[in-house]
Structure formats: structure tokens, C-alpha cells
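S.K.: Turn this into a model:
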Amino acid sequence: MTVDRTALRRELRNRRRELPAGERIAAAERLAAQLLALPFAPSSGHVAGYWAMDGEIALHVWQLRLPRECVYCLPVLNDDGRLRFAPWRPGDALVSNRHGIPEPDIAETSMLEPEQMDLVVAPLVGFDGRGHRLGMGGGWYDRSFAFRHQRPAPPWLVGAAFDVQRVETLDRADWDVALDAVCTQSSTLDCRSSE
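M.R.: Down below sits the predicted model:
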């Protein structure tokens, strides 16, 4: 099935933007519970989230409930087309990247490579019941975690979305890096045995 990905992205982004504020707040709370209950959720190490923009489901509740030994990180766009990850706590300095997304303001030498992460939670525009995902189309996560085509987790890769972002089916491209799970406010889809 061939889908007009541009039109689908527009529709799904509108769906998440249209959710009322109270519903978003409650969803963030329930999403945190889903993420913390993952069978592979680390009790220590480096975990990454994202700065919620454009109606994305927020991760602040999850961040605040992580085990004390986990170091929360945010993605940073690198000139080589791959993500790096920088430790961040509320109150730490941020700068806007070229897309207007806040990133930690730290030296490049303090950033972590994708291979150094234990768990990465990525925002989704859409997903299907097999765990196929639709992102913004920039390919940042696929390039950054391409090594997962040849080796198993960690890092564990988890998509986060609202229930309204689920679609019937999505095509999967050869370069798409498979997710280990998709979490929404109401469920967790284990993708490790999909395909």
C-alpha cells in the first residue's frame, strides 16, 4: 500500500494538536507509567527523550520519575546528519537548533554517541499495529541508529505517541530502523516479535 506520507503527516500532526490541554496532561501521566513498565526499562545508565513540540506527547512526567541512577538526555542535531545526546535536567541551559527545538547548551566533547545510550524514546507522527513508524521525514533517528540493523539492543528504541496517531498500516522502507516498542497513553505495543 502506497500512502501519501506528506498528507498523512499533516493529518496526524493535526490530530495530536487538536487534543484538549487536559487530555494532553493526563496522557503524559499515563505514558510515563507505560514507559516505566517496559520489560527492558533500565534502572541505570543513559536514557534519552525529546523536547515535545508541535503537539507531541510530553515526556516530563517520565523524566521526573526515572530511577535516580538514570541520566536523562536530549538529542542534539550534529552536522554529520546524526544525533548526539546531551545530559539535561530542568533548569540547565538550552539553545535553539536550526528547527527551533531546544537542545542542551554543552560542549560537544560532553555529548554521547547513539551507541552509548541504554534507552531512547523518540516522538512519532504515526505508527501502525506492527510498530512501523512515521516520523517527520528528516531521517535523523534512522541515520543515528542504523547500526541496529546489524546488532541487537541496547539501546532500546521506543516510539511515543497519542492513541489518535495510530493508523491501519504503514509501509516500511529498508532504511527504517525498527522500534522495540511503541507506547501511548493507553497501551504498549511490543514490536520485538513483529514482522
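
S.K.: Am I right that residue 73 sits in a strand?
M.R.: Yes - the secondary structure assignment for residue 73 places it in a strand, going by DSSP: H, G, I helix; E, B strand; the rest coil.

S.K.: Residue 22 belongs to a strand?
M.R.: No - Residue 22 sits outside any strand when classified using three-state DSSP, being helix.

S.K.: What's the local residue count around it?
M.R.: Using other CB atoms under 10 Å as the criterion, residue 22 is surrounded by 8 other residues. C-beta coordinates here come from the backbone N, C-alpha and C atoms, glycine included.

S.K.: how close does it sit to residue 69?
M.R.: Here the distance between residue 22 and residue 69 works out to 33 Å (CB to CB, to the nearest Å).

S.K.: any low-confidence regions in this protein?
M.R.: 1-3, 137, 193-195 (pLDDT under 70).

S.K.: Verify the stated contact: residue 40 with residue 155.
M.R.: No - taking CB atoms under 8 Å as the definition, residue 40 is not a contact partner of residue 155, at 10.0 Å.

S.K.: And stretch 99-111, end to end?
M.R.: For stretch 99-111, the first-to-last residue distance is 19 Å (CA to CA, to the nearest Å).

S.K.: Could I get the buried residue list for that stretch?
M.R.: Neighbour counts using 16 or more other CB atoms under 10 Å place 101, 103-104, 106, 111 of stretch 99-111 among the buried residues.

S.K.: Strands of the chain, start to end?
M.R.: 45-48, 70-77, 83-87, 94-96, 102-104, 119-123, 126-127, 133-134, 156-160, 181-183, 188-190 (DSSP state E).

S.K.: Nearest to residue 141, out of those?
M.R.: Evaluated over those, closeness to residue 141 peaks at strand 119-123, with 5.2 Å, by CB to CB.

S.K.: okay, the angle between that closest one and strand 156-160?
M.R.: On the basis of axes from the mean of the first three to the mean of the last three CA atoms, to 10 degrees, strand 119-123 is oriented at 30 degrees to strand 156-160.

S.K.: Mind putting the buried residues of stretch 99-111 into CSV with distance to residue 172?
M.R.: Rendered in CSV, the data for these read as follows (distance: CB to CB, whole Å):
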residue, distance to residue 172
101, 26
103, 29
104, 32
106, 35
111, 30
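
S.K.: picking that back up, so which of the strands of the chain comes closest to residue 13?
M.R.: When these are compared by CB to CB, strand 126-127 sits nearest residue 13, at 9.1 Å.
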